[in-house]
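1. Build me a model:
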Amino acid sequence: MENYYNDKYNLDSFSDGSSRERRPRSSSRQKPRRVAKTTDRKPQSTRRSHFVSVSHSPKPARAKKPEAPKPKKERTKKPKTANTETAEKKRTAAKRTAKRGAGNVYRAQKEKSKAKRAMIIAASVVIVAAIAATACVVGYNIYRENKKREEFHFSEGVKLSGIDISGLTMTKAKEKIDSNLISAVPDFKLKVSARDKTKNYTKTDFTYTYSYDDQLAQLKIYSQKEQGIYEPKKGETEPSTGELKMPDLKIDWKLQRVSVKKVSKELSKEVNKSFKNAKVSKFHPFAEERFEYKKGSNGYQLDQADLTHKISAFIKSGEKNGDINAKVKTLKPEITVDDLKEKIVGLSTATSVSYNTEDGTTNMAVALKACNGSVIEPGAIWSFNEQTGDSNDPSNGYKKATVINDRKLEEGYGGGICQASTTIFKAAAFANMGIIERHNHYWASAYAYAGEDATIDYPNLDLRLRNNTDYQMFMECTVDGSTLIVNIYGVQEDYYDNVKLYSKNHDIDKKTGFSTTTYRVLYLDGKIVDEEEICNSEYSLTGDHSIRDEDTGTFRTMVDGTTQYETDPPTEPPTTEETETAEATETSETVDTGETEEAYSEPAEETEPQYEEESEAYIEGESEYTPDGSE
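-> Below you'll find the model as predicted:
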């Protein structure tokens, strides 16, 4: 029996009766013999020579001599005595008791583990069963409530805001009420008058919000009581049958103010009208009575806030008929005929003298005649090329005059019109017009200060100006003998009373060319209120051309001859050389020769156009000129 427990539980027994678990033993008690390892390490030398390099080869490892096995000591058995036998019996009994006790402990631990697992499984089963039971109860209650709700029907004669829901379930009753909500709003007719407009409205022209859940719940309780299926709540006393009356309930509704604002806004679109200022209907250049006037007209504006308030108050009042007169504000013109007569003045005048040929001067007259009488509306852009048409076409009245083609003097149609555009440019600059597009000549012109010329090459190069005021502007142009005259009329703005132009030459290279920047200065009561750079120019000095004088400062001259401050340009006539330069310069880019600036050997000398706004400088289909100077 003792051996059975020892083998079963892998125990060792001792003489004192104790026991312990056996540990696995190695197959051999003898330790494995170490084998000497060879190494390639060099032995350290105790002394090193600075001159001789000594190499040490590794010594072969010595093999250990096998040790002779030690003779085993033989144990001599002592003869058993009475005491020895007694002690041996005690040890044997103790071992047997220890083995029996170890087996009992193991069995007890195993039984305890089984009991614990059984308890966990049982608890899990109970929890799952409880959850399943709860889910079944809740599901059944939901099902029962839904069933009750589906089975419930309103009693006969039950109505909500006149909508009959007799015999309907709760779901069907809500569907019917939702489709007839507008019936909850009392019928009305509303008439709105605004100036010469009249509009009629009913309740369907507006939107509302509705609420009826509480009313429907009360009708359900009434139906349940009337059907005898009502279950009173705890502490609630059910009234007797004789006291039961069907409540007269209405759907709660509220007008949406946004729908009223929408109606007011739509009516304002029909009523509102912008006022029209008085304006010049006809312009007669150089006449004693230059202007004919057209009276302005009133505008109208509906008071939307007031109309919205009145409509909302009427609908909430519950009245069946209403009549509302909307407030309409009259808007008077800001500019009257009297204002125009008083304010329109000759803003600026510019003149230049032609020393060109007779045909060249004729071309100037033709161009100025086309521009004469121009009316520029507020914010509008005026174009020289649009007024003159194709200046290369003889059918438009243009003659042949000296032009430059590939830097050679030739005869071409339209020669000389650049002096006309230059004169207009200077008058526009003094009138404080916006310079949208302007180009300088290849060589500086003799009839203008450096930076104050404007060349034309139809349809590529143009002069475009903008009216920056709130009033019309008018242009009259003519040639008197050999003098070009351009006058611009308009309304003098309050923030300035005088204008000065000046230019500065810079980057001067006497062999190649020079640049010029032109400025405009605005004054009020003799003080500067604004200064801006209006254009840049680059001129060539090839062909023995000279540097043109810069404008040291020229104040504008009004059409009536008034000049607040004056710096007169040179009055002496130009020399013969300057006259030839003027003839060549004014026509250098106006001839229709079939050649463009790209044919020149020095295209880089052509300057870029100056713009007030690049987006407006070129309109599709109007010009093929690109900002990089190519055509």
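2. Could you verify that M246 is part of a strand?
-> No. Using DSSP: H, G, I helix; E, B strand; the rest coil, the secondary structure at M246 is coil, not a strand.
3. surely it meets E156?
-> No. With contacts defined as C-beta atoms under 8 Å, M246 does not count as touching E156, sitting 10.0 Å away. Backbone N, C-alpha and C define where each C-beta goes, glycine included.
4. of those two, who's got more company?
-> Each of M246 and E156 has its neighbours counted (other C-beta atoms under 10 Å); M246 has more, 14 against 10.
5. Can you give me every residue that contacts the more buried one?
-> S155, G157, V158, L219, Y222, E226 (C-beta atoms under 8 Å, 6 or more residues apart in numbering).
6. Just the buried ones among those, please.
-> S155, V158, L219, Y222, E226 (16 or more other C-beta atoms under 10 Å).
7. Go ahead and confirm the last one touches G157.
-> Okay, so that is E226. No. Counting by C-beta under 8 Å, E226 stays clear of G157, with 9.4 Å between them.
8. G228 - how many residues pack around it?
-> Using other C-beta under 10 Å, G228 is surrounded by 8 other residues.
9. On the pLDDT front, check it for me.
-> The per-residue pLDDT reported for G228 equals 84.
10. quick one: it from E532, how far?
-> 95 Å (C-beta to C-beta, to the nearest Å).
11. Likewise for I485?
-> Look at I485 and E532: by C-beta to C-beta, they are 26 Å apart.
12. So which of those two has more stuff around it?
-> A count of neighbours by other C-beta under 10 Å puts I485 above the other of I485 and E532, at 18 against 12.
13. mind checking which helix or strand the more buried one is in?
-> According to DSSP states H and E, I485 maps onto strand 483-491.
14. helices or strands up against the helix or strand following that strand?
-> As assigned by DSSP H and E, the chain's next helix or strand after strand 483-491 is strand 498-509. With contacts taken as 3 or more C-beta pairs under 8 Å, 6 or more residues apart in numbering; DSSP states H and E, strand 498-509 sits against helix 417-430, strand 513-524, strand 554-555.
15. Put the alpha carbons of strand 498-509 into PDB.
-> Presented in PDB, the C-alpha positions along strand 498-509 are these (Å, rounded to 0.1, in the frame of the first residue of the first chain):
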ATOM      1  CA  ASN A 498      -7.500 122.200 -58.400                       C
ATOM      2  CA  VAL A 499      -5.300 119.700 -60.300                       C
ATOM      3  CA  LYS A 500      -1.600 119.700 -61.200                       C
ATOM      4  CA  LEU A 501       0.300 117.400 -63.500                       C
ATOM      5  CA  TYR A 502       4.100 116.800 -63.300                       C
ATOM      6  CA  SER A 503       6.500 114.200 -64.700                       C
ATOM      7  CA  LYS A 504      10.000 113.000 -63.700                       C
ATOM      8  CA  ASN A 505      12.600 111.600 -66.100                       C
ATOM      9  CA  HIS A 506      14.800 108.700 -64.700                       C
ATOM     10  CA  ASP A 507      16.900 105.800 -65.800                       C
ATOM     11  CA  ILE A 508      18.500 108.000 -68.500                       C
ATOM     12  CA  ASP A 509      20.900 106.400 -70.900                       C
END
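16. Give the rounded mean pLDDT of that strand.
-> Strand 498-509 comes out with an average pLDDT of 97.
17. Same question for stretch 310-319.
-> Averaging pLDDT along stretch 310-319 yields 95.
18. which outside residues touch that stretch?
-> By C-beta under 8 Å, 6+ apart, the surrounding residues in contact with stretch 310-319 are 186, 188, 190, 192, 201, 203, 206, 255, 257, 260, 263-264, 322, 324, 326.
19. Buried subset of those as a PyMOL selection?
-> The buried subset of the contacts of stretch 310-319, as determined by 16+ other C-beta under 10 Å, is captured in PyMOL by this line:
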select buried, resi 188+190+192+201+203+206+255+260+263+264+322+324+326
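20. Return the closest of the contacts of stretch 310-319 with respect to Y413.
-> Among these, S264 lies closest to Y413 (C-beta to C-beta), at 63.2 Å.
21. Could you look up the SS state of that closest one?
-> Going by three-state DSSP: S264 is helix.
22. Now for it: which residues touch it?
-> Counting by C-beta under 8 Å, 6+ apart, S264 has contacts L302, Q304, L307, T308, I311.
23. can you count the residues close to F154?
-> 25.
24. is it true that it touches S223?
-> Yes. Using C-beta under 8 Å, F154 is in contact with S223, at 4.8 Å.
25. The stretch 51-200 of the chain: helices as residue ranges?
-> For the stretch 51-200 of the chain, helices defined by DSSP state H, counting those that start in this stretch occupy the ranges 82-151, 170-178.
26. swap that for the stretch 201-350 of the chain, sorry
-> For the stretch 201-350 of the chain, the helices defined by DSSP H, counting those that start in this stretch occupy 213-227, 257-271, 304-317, 337-343.
27. would CSV of these with distance to S383 be doable?
-> Listed next are these as CSV, based on distance: least, C-beta to C-beta, whole Å:
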stretch, distance to S383
helix 213-227, 71
helix 257-271, 36
helix 304-317, 42
helix 337-343, 25
